[in-house]
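Asker: structure for this input, please:
(one chain, ligands or ions: 2)
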Amino acid sequence: MKKLVSVLGATGSVGASTLQIVRENPDKFQIIGITAHSNVALLAKLAIEFMPKFVVLSDLNLVSDIETRLAHLEIEILIGEEGLDFLASQKTDILVAAISGFAGFKPIFKAISVGTDIAIANKEALVAGGHLLMPLAKEKDVNILPIDSEHNAIYQCMMGHHWDDVEHITLTASGGPFLAMTREEMHDISPVKALKHPTWDMGAKISIDSATMMNKGLESIEAAWLFGIGREKVSAVIHPQSIIHGFVTFKDDTIISHMAPADMKVPISHALGWPERLKIQTEKLDLTQISSLEFMEINHEQFPCYNLAHQLIGEEPCYAAALNAANEIAVSLYLENKLAFGDIYSLCTKTVNMIEIRSLDDYQSVIDYDSFARGIARSIALLL
Ligand code: NDP
Ligand code: MG
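Answerer: Ligands and ions are numbered 1, 2, ... in the order given. Alright, predicted model coming up:
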């Protein structure tokens, strides 16, 4: 029987890889819903190809455009946040959470609430609300399958093993485009250069997060929630070849690592197919062509964002929610050339230091706190 799948963020980089896997495995999946924020042309094209039951466009200004493009088809068009929530509340076998940023939190919460398994790429939702999403998933008996390549690697390394035997998990980082530069040299670097990632082809937000190494800090928080581990059990190292994506060190000093081509189709296919493996097309990894595998410590002076995020593991969840909000504001200002690259860190650290602590005990409190922290970050940005 085909698995019923909804893809949130279908027009993005992870969305594209997900739908490519579906194309390569037409007998295994049926697309129920796809969503985009404003890329109407691509959303319509994908709708015509996959004929889902629902299409969601969250940008309210473009509704008539999508309606015109799909008028001749039997597809229900939903709009705005309500549309996204409605789709997420339709029980399917798996929901691919590939929206970028905190905007993905609400639909993930809704999907878990109705018992749909989640293939999660959207790390920001876990960073800001992992303390609610993970217990809810447990309560609803929902599987949360990581798509983020490092987390998927750890998940695979742990198959057949017990967390009680684990000493440490290590996420790898390519080091991004500025690995050879000092912090001063990076300070005023342009978005065009920051968007050029050496090994992965990704959306704009995560590409900037990789250049600042905030991505690895956010991923450490993500790992702590996904695997239920403390700060001392997770760290990251630079591995420029991006061949080993993560490794687990056990108490007997065995290290189990996961290798794969630097292609998101590998972790996505694992999460989509789980517990089975799917046949997919990738550029095969030829280990005989690899002359070295290097591993280096992250230089905290060079990349302060990593530590800023990592140190928040185990603290009141509002800190990570505030950091995530500030970082989203900082990255969008930087992409609009309104903030220097080096000030992304300043804006994030100042926001985290200024916010008031609140306990985020329920869904609405996380959403309200995200708005509150964004407001603080915007006002700090005016002073930088
Ligand atoms: P992209 O920017 O390529 O795509 C984002 C998707 O989300 C698009 O479909 C976009 O629609 C939609 N979207 C953006 N903002 C909103 C919003 N406010 N409301 C609703 N939908 C929205 O991102 P990526 O695919 O690169 O990343 C997606 C997530 O996966 C991120 O959390 C990222 O950290 C994570 N991830 C990505 C990896 C990668 O290789 N790309 C690797 C590991 C994790 P539209 O196209 O219309 O703007
Ligand atoms: Mg990753």
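Asker: CA only for contacts and neighbour counts going forward, please
Answerer: Will do.
Asker: now the strands for the chain?
Answerer: 3-8, 29-36, 54-57, 76-79, 94-97, 117-120, 144-146, 166-173, 234-238, 244-250, 255-259 (DSSP state E).
Asker: most tightly surrounded among those strands?
Answerer: strand 94-97 (a mean of 28; mean count of other Cα atoms under 10 Å).
Asker: and that strand, anywhere near ligand 1?
Answerer: No - judged by Cα under 6 Å from any ligand atom, strand 94-97 stays clear of ligand 1, getting no closer than 7.4 Å.
Asker: paired strands for that strand, with orientation please.
Answerer: Within its sheet, strand 94-97 is paired with strand 3-8 (parallel), strand 117-120 (parallel), according to DSSP bridges.
Asker: only the buried residues of the longest helix seen in the chain, if you could.
Answerer: Using DSSP state H, we find that the single longest helix of the chain is helix 363-383. Neighbour counts over helix 363-383 (16 or more other Cα atoms under 10 Å) mark 366, 367, 369, 370, 373, 374, 375, 376, 377, 378, 380, 381 as buried.
Asker: residue contacts, the third one?
Answerer: Taking Cα atoms under 8 Å, 6 or more residues apart in numbering as the contact definition, residue 369 lies against 318, 321, 322, 360.
Asker: cool, the fourth one as well?
Answerer: Contacts for residue 370 (Cα under 8 Å, 6+ apart) come out as 128, 321, 322, 325.
Asker: the residue in the stretch 251-384 of the chain that ligand 1 sits nearest to - how many residues pack around it?
Answerer: Of all residues in the stretch 251-384 of the chain, the one sitting closest to ligand 1 is residue 264 (5.7 Å; Cα to the nearest ligand atom). Close neighbours of residue 264, defined as other Cα atoms under 10 Å, add up to 21.
Asker: isn't it up against residue 19?
Answerer: No - counting by Cα atoms under 8 Å, residue 19 is not a contact partner of residue 264; they are 11.8 Å apart.
Asker: need the buried residues of helix 363-383 in TSV (columns: pLDDT and distance to ligand 2).
Answerer: Converted to TSV, those look like this (pLDDT from 0 to 100; distance: Cα to the ion, whole Å):
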residue	pLDDT	distance to ligand 2
366	98	24
367	98	24
369	98	25
370	98	23
373	98	25
374	98	24
375	98	28
376	97	28
377	98	25
378	98	27
380	97	29
381	97	27
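Asker: okay, the closest residue to residue 9 other than its chain neighbours: pLDDT?
Answerer: Nearest residue to residue 9, sequence neighbours excluded (Cα to Cα, 6 or more residues apart in numbering): residue 99, at 4.4 Å. Residue 99 is assigned 98 on the pLDDT scale.
Asker: any idea how many residues pack against residue 99?
Answerer: 29.
Asker: hang on, the earlier thing: got a list of what the residue of the stretch 251-384 of the chain closest to ligand 1 touches?
Answerer: 14, 17, 147, 149.
Asker: so how far is ligand 2 from the first one?
Answerer: For residue 14, the distance to ligand 2 equals 11 Å [Cα to the ion, to the nearest Å].
Asker: next, count neighbours for the nearest residue to that residue once chain neighbours are set aside.
Answerer: Taking Cα to Cα, 6+ apart, and ignoring the residues beside it in sequence, residue 14 has residue 98 as its nearest neighbour in space, at 6.0 Å. Neighbour count of residue 98, defined by other Cα under 10 Å: 25.
Asker: same check on residue 215?
Answerer: 23.
Asker: name the nearest residue to it, ignoring sequence neighbours.
Answerer: The nearest residue in space to residue 215 (Cα to Cα, 6+ apart) is residue 209, at 4.7 Å.
Asker: distance of residue 146 from residue 121?
Answerer: Between residue 146 and residue 121 the distance is 7 Å, computed by Cα to Cα, to the nearest Å.
Asker: ok, residue 128 next?
Answerer: 14 Å.
Asker: so which of those two has more stuff around it?
Answerer: Applying other Cα under 10 Å to residue 128 and residue 121 shows that residue 128 carries more neighbours, namely 30 against 25.
Asker: so who does the more buried one touch?
Answerer: Residue 128 touches 102, 317, 318, 320, 321, 322, 324, 366, 370, counting by Cα under 8 Å, 6+ apart.
Asker: measure stretch 245-259 end to end?
Answerer: First residue to last in stretch 245-259 (Cα to Cα) measures 6 Å.
Asker: pLDDT of it, averaged?
Answerer: On average, stretch 245-259 scores 98.
Asker: stretch 30-39 too?
Answerer: 98.
Asker: swap in stretch 121-138?
Answerer: Per-residue scores along stretch 121-138 average to 98.
Asker: up against ligand 2, what does this protein have?
Answerer: Contacts of the chain with ligand 2, taken as Cα under 5 Å from the ion, map to 148, 149.
Asker: residues of the chain that sit close to ligand 1?
Answerer: So the chain meets ligand 1 at 9-15, 36-39, 58, 98-101, 103, 121-124, 148, 202-204, 206, 264 (Cα under 6 Å from any ligand atom).
Asker: identify the residue nearest the closest residue to ligand 2 within the stretch 201-350 of the chain in space, chain neighbours excluded?
Answerer: Among the residues of the stretch 201-350 of the chain, residue 219 lies nearest to ligand 2; the distance is 6.7 Å by Cα to the ion. Distances taken as Cα to Cα, 6+ apart place residue 123 nearest to residue 219, at 7.0 Å, with adjacent residues excluded.
Asker: how many neighbours does the one you found have?
Answerer: So residue 123, with other Cα under 10 Å, has 29 neighbours.
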